[in-house]
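Student: whatever this is, show me its structure:
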Amino acid sequence: MSGVLVVGNVTKDVYLRLDGRQNKFEVDGEGVAWLDLAFNGASHHFYARHAVFGGAAVSLEVLSRFGLGARIAGSEMGFSNGQLTGEGFSEIYRYVLCKDDDIVYFSPSERRAAKWRAPREGVDWIYVDRSAEMSRELAEGILSYLESAPDVKLALFVGKRVNEMHMYKLKERADLIFTEVECGECTADKCICISKDVIRFGGKQIGWSLRRQDLMTHLTTNSIIAASILGAVVKGKSVDEILLLARANVENANLDGTSNLNRLEEMILGENYRVKNIAKKEDKMSEIQENTQKLMAKGKGILAADESGGSIKKKFESMGIEDTEQNRRDYRNIFFTTPDLEKYASGVILFDETARQLADNGENFVKFLSERGVIPGIKVDQGLENFEGSEEKWTKGLDGLPERLAEYYRMGARFAKWRAAFEISEGTPSEMAIAKNAEILAQYAKDCQEAGIVPIVEPEVIYDSYCTIEQNAEITGKILDKLFMELAVHDVDLAACILKVNMVLAGKQYEAQSTPEEVGRETAKVLREHVPEGLAGVVFLSGGQTPEQATENLQAVINEGPFPWPVTFSFARALQDPALYAWRGDNANADAAREAFRERLVANAEALTKKQN
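Tutor: The predicted structure is shown next:
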């Protein structure tokens, strides 16, 4: 393993991402809009906050993922198992403000000279990172070490500092020189020029671009490119391979990190890998966005028929119905064969078992629903599990998810759902539970979009509790803030993502139950303050409300509109229960059950399109 000693400063980049909303800006007497920015979020709710290591830490990560033993000079800092490790470094904070396509950042006014300490063990390369604040003393220290170790090679990122006097001797000694300007001083075989859209090296060049550059500064992107080139050079790659690897790494990077060498080599197989990959990605996203729009069609809702085995067993036992696969199939067949289903339901969420069962005509339910003009979806989470030593829960199912999503896509499913559950009590939900579940939801959503499937993210505040409507509003808002932060960090396209969320109301055990007017007002307020405008749509879960209560509260929310996004329902029990009571496990009652279900569908569809005073 080749050793690389990185000389540079570690930064802590705090990203503050704002949406396009203007109502938190104040205009002064000169007509200039100023942002009232408070780092605790009290004055501006519409940003995602994410802190990551930057500067020399970026180069350290890239080189480590290339399989090189890398350390930062003057510290014990290293990179292992996807995490920065070690001690002896002190980061410099840098705040990055992102809005639309614009980036501004605040750096410390006093620059800190990079540390230098000759390595105790031999290294093959010294890499002076872009973040290194160079001084004459630092340059002399590096040169002195290189004189005593003539076989050690030097890579130097001069950036735009090509004319600083103490850089000349380092440049003369360097084996690789990275610059951000056309300096014209370096020989072609060792000079790499990185501009905003082109990388030039060895007499060749390659274009590069980022579709989501608002989440990454040029300081970070250029560091990724330079470290990728250095890593590829050390690995003995050709110039063509070096340029392709660097482009693939920066174009597929996000704030969570970069790719390892094996993954990058897979990406660049074939001469037209980039054209093919981008075209494929664009086609996939076009299909996802089209399906998202269909799911949020005006006047239609989404039927949730995805109860797990344990949930439907309890439901059947309460009615004295035997819990068999045939009964589960017959029960769900009632909904799928209801007349005019396609007029009122844009999609149906299925359980895995149901997706593999057959309709009356011998087709599987996925194909049967598609032919009716109803988009089939799938529940992909695998239930809740307690955090260790806690009563709070997290949602399982990320292991093997990409493979399962690929199978569901082949079967014909075009959207998916993942539920996280939060209970309100003294001390819960905790910050830990909110953060972990939001991160899981975001990773699931990212995996869905990469598989060509629309993600529905469902953070549910449980209705069965003792809480006021104000407590529900506060907790729901806090959860949504964290969720949308993680969705931004994971580069999830909100235009192809749907939020399934609870209405805001007092818990079942609270003595003063919420009126529909209160539910409508508080729910609308939370959504407007905590949901970005770019989201594809919002659908409500019923959460244990009675069928009539869920419809009345849905109507009350609609009365508070219009909203920046389409709003509809995705009910389970509030649509199904009347049909279950009519059916009672006897298929002779199937037509009566269909009619009961259809009545609830129509009632909720009418609530979407008719405002009532």
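Student: in contact with residue 456: list those residues for me.
Tutor: 302, 349, 377, 415-418, 497-500, 539, 570 (C-beta atoms under 8 Å, 6 or more residues apart in numbering). Where C-beta positions appear, they are placed from N, C-alpha and C, glycine not excepted.
Student: hmm, 7 Å instead?
Tutor: By C-beta atoms under 7 Å, 6 or more residues apart in numbering, the residues touching residue 456 are 415-417, 498, 500.
Student: in strands, which of those fall?
Tutor: Assignment to strands by DSSP state E places the following of those there: 415-417, 498, 500.
Student: closest to residue 248 out of these?
Tutor: Using C-beta to C-beta, residue 416 comes nearest to residue 248 of the ones in strands among the contacts of residue 456, at 27.8 Å.
Student: need the per-residue pLDDT for that closest one.
Tutor: With respect to pLDDT, residue 416 scores 98.
Student: what is the neighbour count of it?
Tutor: 28 (other C-beta atoms under 10 Å).
Student: ok, now residue 376?
Tutor: Neighbours of residue 376 using other C-beta under 10 Å come to 25.
Student: next one: the one 5 residues further on
Tutor: Other residues within reach of residue 381 by the criterion other C-beta under 10 Å amount to 21.
Student: separation between it and residue 439?
Tutor: 14 Å (C-beta to C-beta, to the nearest Å).
Student: got a list of contacts for the strand or helix carrying residue 484?
Tutor: In this structure, residue 484 sits in helix 469-489 according to DSSP states H and E. With contact meaning C-beta under 7 Å, 6+ apart, helix 469-489 is reached by 17, 45, 48-50, 215, 255-256, 422, 424, 429, 434-435, 438-439, 441-442, 445, 457, 459, 461, 494, 497, 502, 504-506, 514, 518, 522, 526, 529-532.
Student: ok, now stretch 294-303?
Tutor: 335, 344-349, 375, 415, 454, 498, 536-537, 539, 566, 568-570, 575, 604-605, 608-609.
Student: endpoints of that stretch, how far apart?
Tutor: 14 Å (C-alpha to C-alpha, to the nearest Å).
Student: identify each buried residue in that stretch, please.
Tutor: 294-296, 300-303 (16 or more other C-beta atoms under 10 Å).
Student: check stretch 58-68 too.
Tutor: Counting neighbours by 16+ other C-beta under 10 Å, stretch 58-68 gives 58-66, 68 as buried.
Student: ok, stretch 251-260 next?
Tutor: 251-255, 257-259.
Student: lowest-confidence member of those residues, which is it?
Tutor: residue 255 (76).
Student: verify the stated contact: it with residue 52.
Tutor: Yes: between residue 255 and residue 52 there is a contact under C-beta atoms under 7 Å: 5.1 Å.
Student: now do the helices in the stretch 451-600 of the chain.
Tutor: Secondary structure of the stretch 451-600 of the chain by DSSP state H, counting those that start in this stretch: the helices cover 469-489, 516-530, 547-559, 573-583, 590-609.
Student: kindly reformat those as TSV containing mean neighbour count, mean pLDDT and distance to residue 318.
Tutor: TSV is the format used below for the helices of the stretch 451-600 of the chain (neighbours: other C-beta atoms under 10 Å; pLDDT from 0 to 100; distance: least, C-beta to C-beta, whole Å):
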stretch	mean neighbour count	mean pLDDT	distance to residue 318
helix 469-489	22	93	27
helix 516-530	20	97	27
helix 547-559	21	97	16
helix 573-583	22	97	9
helix 590-609	19	97	16
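Student: tell me the buried residues in the helix or strand encompassing residue 330?
Tutor: Residue 330 is part of helix 325-336 when elements are defined by DSSP H and E. Neighbour counts over helix 325-336 (16+ other C-beta under 10 Å) mark 327-328, 330-336 as buried.
Student: same thing with stretch 447-464?
Tutor: Result for stretch 447-464 [16+ other C-beta under 10 Å]: buried residues 447-449, 451-463.
Student: now for those residues, which pair is the farthest apart?
Tutor: 452 and 463 (33.5 Å).
Student: so where's the stretch 201-350 of the chain shaky on pLDDT?
Tutor: Scanning the stretch 201-350 of the chain with the threshold set as pLDDT under 70 gives 211-215, 269-284.
Student: now the strands for it?
Tutor: In the stretch 201-350 of the chain, the strands defined using DSSP state E, counting those that start in this stretch lie at 204-207, 301-305, 345-350.
Student: so residue 113 sits in a helix?
Tutor: No: counting by DSSP: H, G, I helix; E, B strand; the rest coil, residue 113 falls outside a helix, being coil.
Student: distance check, residue 193 against residue 210.
Tutor: In this structure, residue 193 and residue 210 are 18 Å apart, going by C-beta to C-beta.
Student: then residue 571?
Tutor: 40 Å.
Student: higher neighbour count, those two?
Tutor: Between residue 571 and residue 210, counted using other C-beta under 10 Å, residue 571 has the larger neighbour count: 26 against 17.
Student: residue ranges of each domain in the chain, please.
Tutor: 3-269, 281-609 (automatic domain parsing).
Student: deepest-packed of the ones you listed, please.
Tutor: Neighbour counts (mean count of other C-beta atoms under 10 Å) averaged over each of those peak at domain 281-609, with a mean of 19.
Student: so how far is it from its chain's centroid?
Tutor: With C-alpha atoms, centre = their mean, to the nearest Å as the basis, domain 281-609 stands 19 Å off its chain's centre.
Student: hang on, the earlier thing: let's have the strands of the stretch 201-350 of the chain in JSON lines, adding distance to residue 319.
Tutor: Output for the strands of the stretch 201-350 of the chain, formatted as JSON lines (distance: least, C-beta to C-beta, whole Å):
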{"stretch": "strand 204-207", "distance to residue 319": "64"}
{"stretch": "strand 301-305", "distance to residue 319": "17"}
{"stretch": "strand 345-350", "distance to residue 319": "22"}
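Student: out of these, which is closest to residue 592?
Tutor: strand 301-305 (18.5 Å).
Student: who does the closest one pair up with?
Tutor: Applying DSSP bridges, strand 301-305 is found paired with strand 345-350 (parallel).
Student: quick one: name whatever helix or strand follows the partner strand.
Tutor: helix 352-355.
Student: which helices and strands does that following helix pack with?
Tutor: Under the contact criterion of 3 or more C-beta pairs under 7 Å, 6 or more residues apart in numbering; DSSP states H and E, helix 352-355 touches helix 365-371.
Student: show me the helices in the stretch 1-150 of the chain, by range?
Tutor: According to DSSP H, counting those that start in this stretch, the helices that the stretch 1-150 of the chain contains are 56-65, 136-148.
Student: could I get the average pLDDT for the first one?
Tutor: Right, helix 56-65. 92.
Student: chain center to it: distance?
Tutor: Taking mean C-alpha positions (C-alpha atoms, centre = their mean), helix 56-65 and its chain are 23 Å apart.
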